[in-house]
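Novice: Quick one, fold the following:
(3 chains)
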Amino acid sequence: MSTMKPSLPFFISTVVLLSLATAGIAAGPGPDAGGGSLSGVVKFQGAAPMPMRIQMAADPACSKSHTTPAMSEEVVTDGSGGLANVVVYVSDGLGDKTFDAPTQPVVLEQKGCVYEPHVLAMRAGQTLKVVNDDSTTHNIHPTPANNREWNKSQPPGLTIEETFARQEVSVPVKCNVHPWMKSYVAVVKNPYFAVSAKNGSFEIKDLPAGTYTIQAWHEKLGTKSQQVTIGANESKKVEFDFR
Amino acid sequence: MTRSTGRIAGILLSLTLLLLCARPASAIPAFARKYGLPCSACHEAWPKLSNFGQVFRDNGYQLGNDRDSPIYQNPSYWPIMFRTSTQWHRETFDRFPLDSIPGNPNSPTVESNITTSGFDLTGIDMFAAGTLYKNISFGIQPFIDNTGRIHLETAFVRFDNLLGSPWINLKFGKFELDNLISERRILTLDNNGFYQLYHFKPAGDNNIFGGLGSNQLGVELLGHSRNSYTRYSVSLLSSTNGAVNLPTSHTYDVYADFTQGFEIPGLGLQRVGVYGYFGKSPTYFQTSGGNAIPGTGSGNRSYYRTGVYGLWYIGKFDFSTFYMHGQENVFLGNGVRADQPFNLPLGAAGPSWNGGFVEAHYTYNPRLILISKYELIRMSRQANPSRADNFGNLDTWTIGYRWYPFMSTRAGLAWLQEYSRTQTAGTAPLSGLSSTSSSYLMGFDFDF
Amino acid sequence: MRFRTLIPRVLGLLLLTCSVASAQESRIGDLTGHANRGKALYERYCIFCHGTHGDGRGESAAYLDPKPRDFTQATYKCRSTPTGTLPLDSDLYDTITRGVHASGMPSWNPLTRQQRADLVAYIKTFSSRFTEEKPGAPIPIPAEPPTTPESVQRGADLFQSMNCWQCHGKEGRGNGPSAVSLTDTKGYPITPFDFTSGPRFKCGNSDTELFRDLVTGLDGTPMPSFTDALKPDQIWDLVHFVKTLAKGNTVQAVQSTPKGNQ
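Specialist: Numbering: from 1, shown residues only, chains lettered A, B, ... in the order given. Sure thing, here's the model as predicted:
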């Protein structure tokens, strides 16, 4: 089974769709209809650092899957200063409200020895489905501070399902076999969160009227915080600036 | 002064001198530095060993992890330890033989009390020990007594875990006898800070053997279970009492020890053991110009020490119990050459005695230990029947404590206070009554 | 000068000793360990590496590599339970008894069984996980098939395909291409095990223990669990192969066949 190459186009496309769906919609319909919507953009002020080229030569199974060199995703910006991969979530203001975890899983994909998506947000208790599309063996190793640490070897084609019980923004996930592989899984205990898109935009839907602390977390640039008051059916815009 | 009172006074004085230089002992911060472990891992209260320390020692100063071999040490690591003790002490002796006119040896002898006190210093103990290679260990211990003389207490190489088994370890050189109740690791430092039984000889005995407390030259075979609950050792020793240059004869002594530990639920580890020392000592030498020629000892006569011991743990209390039966050949006991039996007194016999001690400790925590000790010796047969049956019987007790202000992997410091009192029957030079000495000591014991 | 600072510290420690310890217990076979008794033992034997708060930051920690275990995380290498789950009391007891090869942790076998059980109980008090969660179910270990050249060869192939060599190196010397990048969960550099160093392993030397380690993974380190990745027979193959890498091992080493690398 050493160089088994799964050619499961149907499976992969499903996975890609699913992961796009989770990244885009993020929260899904909230429990309080008639809630407001919080949207905005995360900006990076100043000149963004040049992305670094990832050296994958140690495992040819990885390097062969890239026609153009893979680049690091630590700070990803678009031309107009939008900052991607920022987790925006309600950190305070919901009181003691609890939310049942959705039954559908979120998917973390390993493809070309890179995690897709690089930053993933999910609910506490939700199932994380880890997929290996590569022809090489990975190990999937989250190193949480506030959750169970586990570490599993994952040969090609194997799918692993795990959960995180407690809120933690964010759990670093790495593959020790391929040291360049890093991703972050934000575990949020409420459904009000989003991950900024390539242009820095994000939207949190169906947020009940109230005053909230909104936090924006970035793996390298730290955490920003804002107080936001939102009315019923209100659409509010906020901006987070990192530098 | 009669010949016998002079002899007794001499014994008392030499005893005092012996006691004033504290026994060199082993509590070895060099090991703590090497392994990053505090004193309290190997010592219940240093220098008394815990079973963990006992296993470490039995294993040739090796923990069994990858820091054992010198190759894993920082090159600047130096496996050496220094220890000394600074103190203030007060000593009293009663019924001590005194010249009635000081400075005039021909004046009548009287019995009187003597008291001395002051600040003082024990010698400096240096101990280098560790591994030369994986499973080859060594120990070197020069001891500078408080007059500046250097004694070579220990010098050995030891081959550990031969054939991969903890049951075969071979030690070669000069070393401490395999006593689990070790005088080298005794907790008390004062005038009775040693075990009387480890040095006892009846008055007038000329055996060269210094007792179980003396380090000897020879070879030791030792084996132990992985946790040292079961241990044995057999030593073949030159009959020189550890002296170099073969000063006596070319005979050999044998020492053997066997112990078995067992756990009692709720109490902890208990240990029992048996031991025996069987030796020979010359009674005369060939002489040149009247001076004995070393190595020509003849007329060897035998002696032995044998007994049982136990180490008992009850929670924070523990008790070291020790019993000895000792016996000497009639010539040794009377200090008479074996080729001159006509010099033996009428009805002379080989002296024998029984003795024992109980030492109790309360280890409040690794930094505070309370100590009490009671030791007695009873003559069961006198060498010379003209002596009273109880002549030389001895009772001694000690109380004290040691407090360690800090625990560290680098050095040890103890503050200690002790009081002890010793009574010897029939040895007052004139009255033939018992004589008593007492000692109070406080000070610091430290090593690094 | 020194004593003036020492005395309050010592008094503080005495007070600490007097304070009520947790009622945490441990059960190992017929033994029941008690945390309050374990505390005194911990302060005697363990505190200098693992620290007052069990966080692995004792006085000697700076000089140790690998670093002492941080008990507050309740993440343990040597377990019989699946990755991410708490160890059994007996797993902690076995580690204390055995020591951890290639680390500063010695065997505490010289302590009585009761003392070791008491220590397990006390170590558990450093993490609330031991009161909130149950240990995982011990992984089953099927009977070991015989070590055959075929089994060793299959193990050698798995050593390649499972990317073991990326960390442990092609000859098992712990010098694979990813080796230098490895850290433990706390971020300290960690060296992959050098299988040629001898027949001793971190969590026990028997084939059964190696099988167990491959199934459970060594949590807190980069070593993953192969529980989903491999079938039991394949894990036995890997055990058989890995044992051939040790120097002086009687089983003839099988030439591993590198695949997919230059």
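Novice: Tell me how many other residues crowd residue 83.
Specialist: Chain wasn't specified; assuming chain A. 25 (other C-beta atoms under 10 Å in any protein chain shown). Placement of C-beta: from N, CA and C, glycine included.
Novice: if you could check chain B rather than the one you did, that'd help
Specialist: When neighbours are counted by other C-beta under 10 Å, B:R83 comes out with 25.
Novice: State whether it is indeed within a strand.
Specialist: Yes - counting by DSSP: H, G, I helix; E, B strand; the rest coil, B:R83 is part of a strand.
Novice: any idea how far it is from chain C?
Specialist: 19 Å (C-beta to the nearest C-beta, to the nearest Å).
Novice: Excluding chain neighbours, give the residue nearest to A:Y212 in space.
Specialist: Using C-beta to C-beta, 6 or more residues apart in numbering or on different chains and skipping the chain neighbours, the partner closest in space to A:Y212 is A:G93 (3.5 Å).
Novice: residues in contact with that neighbour?
Specialist: Counting by C-beta atoms under 8 Å, 6 or more residues apart in numbering or on different chains, A:G93 touches A:210-213.
Novice: what bridges to the closest residue in space to A:P144 that isn't next to it in sequence?
Specialist: Counting by C-beta to C-beta, 6+ apart, A:V171 is the residue found nearest to A:P144 once chain neighbours are left out, at 4.3 Å. Per DSSP bridges, the residues bridged to A:V171 are A:V185.
Novice: B:R185 touches B:P47, doesn't it?
Specialist: Yes - applying C-beta atoms under 8 Å, one finds B:R185 in contact with B:P47, separated by 4.0 Å.
Novice: Looking at these two now, which is surrounded by more residues?
Specialist: Between B:R185 and B:P47, counting by other C-beta under 10 Å, B:P47 is the more crowded of the two (25 against 20).
Novice: now that one: how far from B:Q260?
Specialist: Remark: distance between B:P47 and B:Q260 (C-beta to C-beta, to the nearest Å) = 24 Å.
Novice: what's the burial count for the closest residue to B:S239 other than its chain neighbours?
Specialist: Spatial nearest neighbour of B:S239, excluding adjacent residues (C-beta to C-beta, 6+ apart): B:T251 at 4.4 Å. Using other C-beta under 10 Å, the number of residues around B:T251 comes to 16.
Novice: so what pLDDT did B:T251 get?
Specialist: The per-residue pLDDT reported for B:T251 equals 91.
Novice: what sits against it?
Specialist: B:239, B:280, B:282, B:297, B:300.
Novice: And for B:N300?
Specialist: With C-beta under 8 Å, 6+ apart, B:N300 has these contacts: B:239, B:249, B:251, B:280-283, B:338.
Novice: among these, who's most crowded?
Specialist: Going by other C-beta under 10 Å, B:S281 tops the contacts of B:N300 with 26 neighbours.
Novice: separation between the residue nearest to B:S239 and C:C164?
Specialist: Noted for B:T251: a distance of 64 Å to C:C164, by C-beta to C-beta.
Novice: Nearest to chain B: which residue in chain A?
Specialist: Of all residues in chain A, A:N176 sits closest to chain B, at 23.0 Å by C-beta to the nearest C-beta.
Novice: That residue against A:N139, yeah?
Specialist: Yes - taking contacts as C-beta under 8 Å, A:N176 lies within contact range of A:N139: 5.6 Å.
Novice: what do those two both touch?
Specialist: Common contacts of A:N176 and A:N139 (C-beta under 8 Å, 6+ apart): A:151, C:222, C:224.
Novice: circling back: for the residue of chain A closest to chain B, give me its contacts.
Specialist: Contacts of A:N176 (C-beta under 8 Å, 6+ apart): A:139, A:141, A:151, C:167, C:178, C:181-182, C:222-224.
Novice: Could you check how far the residue nearest to B:S239 is from chain C?
Specialist: As judged by C-beta to the nearest C-beta, B:T251 and chain C stand 38 Å apart.
Novice: A:I160 now?
Specialist: 6 Å.
Novice: For whatever residue of the stretch 1-150 of chain C ends up closest to chain A, which residues are in contact?
Specialist: Among the residues of the stretch 1-150 of chain C, C:G84 lies nearest to chain A; the distance is 3.0 Å by C-beta to the nearest C-beta. Contact partners of C:G84, counting by C-beta under 8 Å, 6+ apart, are A:148-151, A:162, C:136, C:219.
Novice: Next, format those as TSV and append secondary structure.
Specialist: TSV is the format used below for the contacts of C:G84 (three-state DSSP):
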residue	secondary structure
A:R148	coil
A:E149	coil
A:W150	coil
A:N151	coil
A:E162	strand
C:G136	coil
C:D219	coil
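Novice: Of those, which is the most crowded?
Specialist: So for the contacts of C:G84 (other C-beta under 10 Å), the most neighbours sit at C:D219, 28 neighbours.
Novice: so which strand or helix has the residue nearest to that one when sequence neighbours are not counted?
Specialist: Nearest residue to C:D219 in three dimensions, chain neighbours excluded: C:T75, at 4.9 Å (C-beta to C-beta, 6+ apart). For C:T75, there is no helix or strand it lies in under DSSP states H and E.
Novice: so what's C:T75 up against?
Specialist: C:T75 makes contact with A:149, C:185, C:219-220 under the criterion C-beta under 8 Å, 6+ apart.
Novice: Just the pLDDT at it, thanks.
Specialist: 92.
Novice: how much space between it and A:G125?
Specialist: 21 Å.
Novice: So C:T95 sits against C:S80, correct?
Specialist: No - the pair C:T95 / C:S80 is not scored as a contact, 11.0 Å apart, by C-beta under 8 Å.
Novice: which of those two has more neighbours?
Specialist: Of the pair C:T95 and C:S80, C:T95 is the one with more neighbours under other C-beta under 10 Å, namely 25 against 22.
Novice: Show the subsequent helix or strand relative to the host helix or strand of that one.
Specialist: Element membership for C:T95, per DSSP H and E: helix C:89-98. Going down the chain from helix C:89-98, the next helix or strand is helix C:113-124, by DSSP H and E.
Novice: tell me the helices in the stretch 201-350 of chain B, going along the chain?
Specialist: Assigned by DSSP state H, counting those that start in this stretch, the stretch 201-350 of chain B shows helices spanning B:330-334.
Novice: actually chain A, not the one I wrote
Specialist: For chain A, the helices defined by DSSP state H occupy A:9-25, A:60-63.
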